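Trainee: kindly generate the corresponding structure for this input.
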Amino acid sequence: MTGGPEPISTAAREALDRELADLRTERAAVAATLSGGEQVSDMADSADELQRATELDRLDTRISEIGTRLREADVAGPAPTEAVGVGSTVTVRFADSTEMTLQIGEVAAVLDRTLITADSPLGRALLGHRAGDSITYDAPEGRTTVLVLSLGGDSDRGSS
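Mentor: Numbering: from 1, shown residues only. Predicted structure coming up:
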């Protein structure tokens with residue numbers, strides 16, 4: 001990662017947009033439960049009110065982080081298509097002949113195996129490479145090789 005604004009793939013942008021919408025909905029629900037300065041009747045109510053206020057702060061922080069990331073992505077422009085970088089979509093073939101199309105991002109979605117981070121072993125190995133490059137890298141399972149089949153901003157396999 002360059003330290004400056006990084007591009008973002010369409011898939012990553014859509015994931016952040018969905019998370020942002022969910023967070024805003026959750027924030028509205030939590031905010032509606034706060035008493036708004038009314039006197040709370042006992043310690044349990046006071047503790048519950050404090051917990052909801054803390055949750056509201058957490059939601060506001062994440063909403064701000066996502067908003068900042070989306071604005072930075074707009075400044076960075078489209079993902080690179082000449083060499084693998086943050087925001088790239090890249091199709092690779094592993095040593096076992098398995099092919100997979102991956103998105104290189106800053107943050108990987110927990111349940112999405114196609115989103116990998118730029119600082120993961122595979123992500124680091126791919127950065128800067130082009131279609132046709134064969135890359136050997138240290139994976140958690142041991143040393144392995146991957147072939148870059150194609151590279152494209154947000155395209156499907158086969159385009160570049």
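
Trainee: residues in contact with Leu149?
Mentor: By Cβ atoms under 8 Å, 6 or more residues apart in numbering, Leu149 lies in contact with Thr91, Val92, Arg93, Glu99, Ala131, Arg157. Quick note: C-beta positions are derived from backbone N, CA and C, even for glycine.

Trainee: one more: Leu102?
Mentor: Thr89, Val90, Thr91, Val92, Thr114, Leu115, Ile116, Leu122, Leu126.

Trainee: go with 10 Å
Mentor: By Cβ atoms under 10 Å, 6 or more residues apart in numbering, the contact set of Leu102 is 9, 84, 88-92, 108, 113-116, 122-123, 126, 146.

Trainee: now Gly123
Mentor: 1, 84, 86, 88, 90, 102-106, 108, 115-117, 137.

Trainee: which residues touch Thr33?
Mentor: Thr33 sits in contact with Asp48, Glu49, Arg52, Glu55, Leu56, where contact means Cβ under 10 Å, 6+ apart.

Trainee: so of these, which ones are in helices?
Mentor: In this view, these that belong to helices under DSSP state H are Asp48, Glu49, Arg52, Glu55, Leu56.

Trainee: export those to a markdown table and tack on distance to Glu72, neighbour count and pLDDT?
Mentor: Shown next, in a markdown table, are those (distance: Cβ to Cβ, whole Å; neighbours: other Cβ atoms under 10 Å; pLDDT from 0 to 100):
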| residue | distance to Glu72 | neighbour count | pLDDT |
| --- | --- | --- | --- |
| Asp48 | 37 | 14 | 85 |
| Glu49 | 35 | 15 | 86 |
| Arg52 | 31 | 16 | 90 |
| Glu55 | 26 | 16 | 94 |
| Leu56 | 25 | 16 | 94 |
